[in-house]
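> From the sequence below, what's the structure:
(chains A, B, C and D)
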Amino acid sequence: MNIKDWITRFVEERLPVKAFKDLSAHKTVPEHKQDFWYYFGGISLFFFILLVFTGMVLLFQYQPGLESSHASVLRIVTKVDFGWLIRSIHSWAANLMLVAVIIHMFSVYFMKAYQKPRELTWFTGLGLLGLCMGLGFTGYCLVWDDMAFFATKIGIQIMETVPGGSYVANILRGGPGMGGLTIQRMFALHVVIIPWIFMALLGAHLFFLQIHGNKIPEGIEKSGKYGRVPFFPNFILSDLYVWLIALNLLAVLAALFPWPLGGEADPLAPAPKGIKPEWYFMAMFQLLKLMPAEVGPINGELFGNMLFGIAGAIWATVPIWNPATATGRRGKIAAYIGFAGIVWLISFTIWGYVAKPV
Amino acid sequence: MNIKDWITRFVEERLPVKAFKDLSAHKTVPEHKQDFWYYFGGISLFFFILLVFTGMVLLFQYQPGLESSHASVLRIVTKVDFGWLIRSIHSWAANLMLVAVIIHMFSVYFMKAYQKPRELTWFTGLGLLGLCMGLGFTGYCLVWDDMAFFATKIGIQIMETVPGGSYVANILRGGPGMGGLTIQRMFALHVVIIPWIFMALLGAHLFFLQIHGNKIPEGIEKSGKYGRVPFFPNFILSDLYVWLIALNLLAVLAALFPWPLGGEADPLAPAPKGIKPEWYFMAMFQLLKLMPAEVGPINGELFGNMLFGIAGAIWATVPIWNPATATGRRGKIAAYIGFAGIVWLISFTIWGYVAKPV
Amino acid sequence: MNYPQWVIEGVGGPGVIGLIAVSHVFISQFAVGGGVFLPVTEYLARKRGDAEMLEYCHAHSRFFVILTSVVGAMFGIGIWFAIGLVNPDATAFLIRNFVLAWTIEWVWFFLEVLSLVVYYYGWKTLSPRTHMMVGWAYMFTSLMTLVTINGILTFMLSPGNWVQDHSFWSGMFNPTYWPSLMMRFLVCLALAGLYGLITASRMPKTHGMRTHMLQYSARWFIPTFVLMIFGMAWYYFKLPEAQQAMLYSGVSGFARGNLAILTRISMLTVFFTCTMGLMIYFGAYANPDEFTTGKIVFLMLSALFVTGAGEWTREVLRKPYVIGQVMYSNGVLAADAQTMEDAERPIVPKIHWRRAGESDGEAMFRTECRSCHTLDGYRPLREFLKGRDEKSILNLLRIMRPGDKNPYRHIMPPVVGSDTELASLAHYLGMEVAAAPASH
Amino acid sequence: MNYPQWVIEGVGGPGVIGLIAVSHVFISQFAVGGGVFLPVTEYLARKRGDAEMLEYCHAHSRFFVILTSVVGAMFGIGIWFAIGLVNPDATAFLIRNFVLAWTIEWVWFFLEVLSLVVYYYGWKTLSPRTHMMVGWAYMFTSLMTLVTINGILTFMLSPGNWVQDHSFWSGMFNPTYWPSLMMRFLVCLALAGLYGLITASRMPKTHGMRTHMLQYSARWFIPTFVLMIFGMAWYYFKLPEAQQAMLYSGVSGFARGNLAILTRISMLTVFFTCTMGLMIYFGAYANPDEFTTGKIVFLMLSALFVTGAGEWTREVLRKPYVIGQVMYSNGVLAADAQTMEDAERPIVPKIHWRRAGESDGEAMFRTECRSCHTLDGYRPLREFLKGRDEKSILNLLRIMRPGDKNPYRHIMPPVVGSDTELASLAHYLGMEVAAAPASH
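Down below sits the predicted model:
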């Protein structure tokens, strides 16, 4: 294997191979009965990579524009070779990614992996979740079918109830009404702006993870019932394995349940009955629907949004009010809040789907 | 300064501050009479950053599409607040970046900074130059004015003379003719695909630079007439200073010589007389124009392209045929080739501009 | 026509057959694979003089005793039961023509179980040489069950010359026999490797044998991933032209639009074959230490899916026949349908089992449609016919009559019956569709 | 009108004045800044008892002797020469009205040079106390030159009450006097700091004084970067309304379209003020070790550009006047133009200097247009009038006559002359335009 030797020498003389080897030799991942949850961050990353590639491919055929958006998606799913498949993969991967990200967040929450020194990882992670939802919202709009049009319209209108929200809403819409510029804005956010911010934040997130390593849940750490697996190659290979599972799942969903495409949006038509947002906004949407027109002196939607703001702030600041030095009572409160969050998310999402359209 | 202390402690407890400090303490940059050339890589980077940001801003208003491309650029430069300025900055920065990149390449070439262990830096750098030209070519097309249309058309036609080129050409055009999909393809390449590849390659390039440091020209190294400046903060600050100079230059050019916009492209009209490519393709274009219809049994344009291929291959492989271990004779040949390259580039570019349109 | 039918709402008859059949195929191919895996591994262990590996074989063989004799037999009976009830005409036809083959298969199976039992219980008592001999016998008999049954399965898809000469041997060794045998054999090896992985993964990590056996088992997949693609190509080219066209018509204007489900599932079969190869490489071969139960579950699910998808593809490819060129999937004989160009030849008199008081239309529905369509569940007619009135349904039924002008002729049996009968069927369907509109 | 004019093709008269004026302003403000910098620095050095810093001051002061006396005076004469030749009417007007101010300024300048010479040559010979006194005198006199000349410069833009009362003092302390003085003073400090940076950077790096003096000099910019923006705002609000409108009309529909060049250049002035602040911070203050000649060159270029841009803005703001409300930039008195609504009042008789054999049209062109337009170079008429024939040019000229309907009244002096004269001018221009089409 002379060539192999030559390559090895070539690389060693030019790159800090030894430093990498030292680093990878020291890098380990805990192994215990709950290490299953460690995979969800990686799964999210995998779906993100898939989304980047399929997105680039779609970009070759998708033409943003009032006249061209829906027409080009229609062309993609009917005329372009394997276009339906690429689009279906892109849509399904986006949804699966959000599922993975949400599971990842809750697992981190319950493992208390947000506690010192990992606060920054938690914050960047929440930022990434927000960007994911932003990508979902903006991407959903791009097909410009009936549902997308009205879901986007309503979504932006909800934003407007918040003080200063109408300013943001106008930027998103490119004016006071939905139109060609709206698509352009959503497009710009979806394909360039959010992805770049995402990459930067993801870099930070992974960097923090690299520094602190995976958190071992307290109970397990105290019991000592855990081992350590080398990150390279064992954990990487396990990750690849899990990615293949995710890929299989995705392939089945994308091939057997191709993502549907509605009729072209008609801004003049009345909103179809039972317009519903994407599932990851459903719990919020359903809660907002419960709000009366006025709560005391405050507009109901605004009140709902304030509620989200407060709940979100409590959730986001958990590393601050439940730090590693806190008493067990706070930890319990955190756990209750976590369960309440899951219950709300699941129950309201289901409720949102089964609720009669208003 | 209690807050400052608190922040310092907060960061130190969470991030490997010491490791960074150690790294930055050891990182130095050579200082000598030719260190001036070291700045051009940084200047290129600076323009790239500006291009990313102005590009994102333009993306909010630019609408790719056969009907909308030119109209939206026209709106940007006439109706949108400071739109003319942003566009002018984007165009000028792109051209200045290419100037900086080309100077950077030649300075690296003459410093023999491509020699072991820096071969990979050279190769990635060439890749980045190629991507820059690709960004220039695709971006130029997007305004869809007369010049852009025909320059793009001719550029792609030239590609077709190369074997397999028609396949690439069809992908770029989105079919056999120039149309809405052409804009979409150029757009996809310009705003998403090339930038992502660029970022990856740039990461590698900077990583290699970080490993090997700046090359000190042989003569200076032997004479010992050089010092070493700490990278942080001295060199970084110098870089910032140079960036400000670049920014001032850019501001003057962009404000006083706003980038022009021609009339909307009319694919049915005959190509206007004296269609010329952007200046960075001019030397190549002019050489191709010199080619007779047939060179021996070969098509003239194909022959020209072969010439570029051979010349490019010689240029790109200079780390291989003139390695650090080579005799002085090879070094001299390399220098002659470098001078020939500069002479050709400058003379043919000027010739291209003064030559009568055919 | 000649027997009463079992009516299953929801998943429909084919759904039940499918579920049982896929499980049966999965398990019986497992068993055949085990028949190869065990003696080969024992042979290697003895050659190496590796007592631990031998012990592993012993532990491993217990599973195959249970799997082959109990579970395999149970599902085997289950599938007889199901096909007999759901499609009695086709079952009767196959029994009439292939009773010999089934008998042979049963004999091989009996011998297989016998040798396996001896093999398992003789580990400690038989001499190595004798035990090895029993092992080879076990391998041979288990392979022979596959060799035999493969004939019947492939016959249903591609009867080949049987249509002319009605020869038993023509039917058995029909055009797709050999490629199908190759593929099934490869699958058997893969499944054997899969089970090898499962048992090996359950050994303690500290045991050096664990890693060895995981990598050993993983190697059993190599032939599959190397040869499967050739097997698939061979199979494709041996398919009757109509079936080739069908697979390809699913991709008419290749890859455009939402492909036919048949094509999509066959694509998935190929895709899973590739991803499973990578899963086994990354999971078991390159990273044996971390190859744990959780991962195996997903590997098993993938294997189950790919088996199901493959069998499903084969079943659907047979459309509109249940037995290629001979009997349509609703039990109507192709011979009958081909002569029914004249619209006055009745079908109702041939329906020998009638529910008390049912209309001719309902009887026709049960006989001609029910084997593939339910009202609201699997391939739901209420949804398909939504918005059509009786007249429109009648027109549709007329179009579906035998002959080259029937646009559905490649994927559905033709509708047979006189004009009056068809009107009766249309009336029944029209009532049903109007009565309870599908809520989909 | 009353004097012959100097005709310069290409850059045009204003270009020549501009080049000389910008250099003159740059250098003389440098000198004034030095007048503050030197004594203040000496004072601080003596207070600290820092011999090295004192030595630095000594070396530094030599530059100012040369700069102030030789270069400053040379450029001062140069600018007199140029404005006298290019715009003799305006120059004559200013001399007639402000001869007192110029006299005073010349006295201050003379005293400044005198005290500077004593200051420089007395470094070793005078007692510290006396030398310091001379220094303060140098500072005072140099500031006074600025205080005086600032009156005349600002008068030309905003004559204020002078238009009514023709009082010397109203003219001197006109509305923009104080904000302009503030801005110029700040610029002087900045330029003093800039030269401080230059000399300090030339000290050997090993010398600790180098870093100290670089950071010391950099601090001289602080007032500029802190107060300049307020100065600019103050200046803007003190501008005559027409000029405010003009600056703003360049931004009508603020920031839309390609802004007027005036607005763009004033934006660049603000922008450079900011970037230079950062350059000095990153370059000299935070990173003194690397603050080398190459960097200073670019800092100087930036300073030169911003001076030029600022002066240019002020000059262009004056449009269409050379002296606000009083005299148009082509030398036509505003008083004359305002009464020329009737089209029969001739202008040609007022042109006292004619080239032998020239047509009336050519004479009018030379008098009324030439001070701002060349044929092919600066603001080229051949290009502007391309495609127009004589008749069309005549129409254009008529539109440009005095009065509120003239759309160009804010940026160009009105065209004056009788119908016959205008026709003659139009004929001349038409011939020129047709003769050699602009190749642009």
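> show me the contacts for the residue of chain A found nearest chain D.
In chain A, no residue comes nearer to chain D than A:Gly175, which is 16.0 Å away by Cβ to the nearest Cβ. Glycine gets a C-beta too; all of them are placed from N, C-alpha and C. Neighbouring residues of A:Gly175 by Cβ atoms under 8 Å, 6 or more residues apart in numbering or on different chains: A:Leu181, A:Thr182.
> let's see it at 7 Å
By Cβ atoms under 7 Å, 6 or more residues apart in numbering or on different chains, A:Gly175 lies in contact with A:Leu181.
> Show me chain A divided up by domain.
A:30-267, A:276-358 (automatic domain parsing).
> Pick the most deeply packed of these.
Among these, domain A:30-267 has the highest mean neighbour count (mean count of other Cβ atoms under 10 Å in any protein chain shown), at a mean of 19.
> pLDDT of that one, averaged?
Across domain A:30-267, the average pLDDT comes to 92.
> and that domain, how far out from the chain's middle?
From the chain centre to the centre of domain A:30-267 is a distance of 4 Å (Cα atoms, centre = their mean, to the nearest Å).
> just stretch C:104-124 next, same as before
Per Cα atoms, centre = their mean, the centroid offset for stretch C:104-124 relative to its chain is 25 Å.
> Can you pull out the residues in contact with that stretch?
For stretch C:104-124, the surrounding residues in contact (Cβ under 7 Å, 6+ apart) are C:35, C:58, C:61-62, C:64-65, C:68-69, C:131, C:134-135, C:137-138, C:141-142, C:144-145, C:148-149.
> I'd like to know which of those residues are buried.
C:35, C:58, C:61, C:64-65, C:68-69, C:131, C:134-135, C:137-138, C:141-142, C:144-145, C:148-149 (16 or more other Cβ atoms under 10 Å in any protein chain shown).
> Where do the strands of the stretch 201-350 of chain C begin and end?
Using DSSP state E, counting those that start in this stretch, the strands found in the stretch 201-350 of chain C span residues C:321-323, C:327-328.
> Show me what the mean pLDDT comes to for the first one.
To tie it back to what came earlier, the one meant is strand C:321-323. Mean predicted lDDT for strand C:321-323 stands at 82.
> partners of it in the sheet?
strand C:327-328 (antiparallel) (DSSP bridges).
> what residues does chain C put near chain A?
Chain C comes close to chain A at residues C:255-258, C:264, C:267-268, C:271-272, C:275, C:278-279, C:282-283, C:286-287, C:289-290, C:294-295, C:298, C:302, as judged by Cβ under 7 Å from any Cβ of the partner chain.
> that older thread, minimum distance to C:Leu94: which of the domains of chain A has it?
Using Cβ to Cβ as the measure, domain A:30-267 is the one of the domains of chain A that comes nearest C:Leu94, at 30.7 Å.
> next one: phi and psi at the residue of chain A closest to chain D?
Backbone geometry at A:Gly175, expressed as degrees, to the nearest 10, gives phi 140, psi -170.
> didn't A:Ile220 look like it was pressed against A:Glu31?
No. A:Ile220 lies out of contact with A:Glu31 (Cβ atoms under 7 Å); the separation is 10.3 Å.
> shared neighbours of these two, which are they?
Contacts common to A:Ile220 and A:Glu31, judged by Cβ under 7 Å, 6+ apart, are A:Tyr226.
> Where does the prediction get shaky in the stretch 201-350 of chain C?
By pLDDT under 70, the low-scoring segments of the stretch 201-350 of chain C are C:248-259, C:338-344.
> residues touching A:Leu142, list them.
So A:Leu142 contacts A:Pro64, A:Ser69, A:Ile183, A:Met186, A:Phe187, A:His190 (Cβ under 7 Å, 6+ apart).
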